[in-house]
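this one's sequence-less:
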């Protein structure tokens, strides 16, 4: 990607803001030349941030920023549009998916306090259903999804071990914690 056109546009705009024959125009011309490397670095930083955001959205594919000389290049990897879709896995026995208790399954990774972020893309109809169930339970969609995943993991454990202890433990211990919901803004 050629950065020259972007850098030149900023430099031209800076010079156009002042009358040509003024002393300020001379200062602006020197300033425009001095800004060249700073503008390039800022553009490369913006491209790197964009590559990171795209990688998060395109998982498992990635977008990386590579430099060829002084020119950056965005490179996409692991994005095979022609690859066949994976066959759906057999579904394990699952609990009823109504309103989940206020807390997640006991002894699960949900209780360890660490959080991870990822993007989840679902059909609009499924999202609407999940939002309705979360609202019925008096929970945020995110909290409801955490609980749904926790119960799905417990159900998978039931399917793998043949015992319902994990589900029983999850259901009994989740009733102990009253609703905990935090709302607000964070900077």
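It's in. The structure displayed is predicted, hence computed values, not measured ones.

Just the local confidence number for residue 165, please.
Turning to residue 165, the model gives it a pLDDT of 60.

Please apply the same query to residue 47.
So residue 47 comes in at 87 (pLDDT).

Surely residue 64 is in a helix?
No. Assessed with DSSP: H, G, I helix; E, B strand; the rest coil, residue 64 is strand; it does not lie in a helix.

is it true that it touches residue 51?
Yes. With the criterion set as Cβ atoms under 8 Å, residue 64 and residue 51 qualify as a contacting pair; they are 5.8 Å apart. Every C-beta, even on glycine, is put in place using the N, C-alpha and C of the backbone.

shaky segments in this protein?
With pLDDT under 70 as the threshold, the chain has low-confidence stretches at 79-114, 157-187.

buried residues in the longest helix anywhere in the chain?
Residue-count comparison of every helix in the chain, with assignments taken from DSSP state H, identifies helix 23-57 as the longest. Applying a neighbour-count criterion of 16 or more other Cβ atoms under 10 Å, the buried positions in helix 23-57 are 25, 28, 32, 39, 40, 43, 44, 47, 51, 55.

Now tabulate these in CSV and tack on distance to residue 137.
As requested, the buried residues of helix 23-57 are exported to CSV (distance: Cβ to Cβ, whole Å):
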residue, distance to residue 137
25, 65
28, 61
32, 59
39, 51
40, 51
43, 46
44, 46
47, 42
51, 38
55, 33
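
what's the burial count for residue 125?
Applying other Cβ atoms under 10 Å, we find 8 other residues in the vicinity of residue 125.
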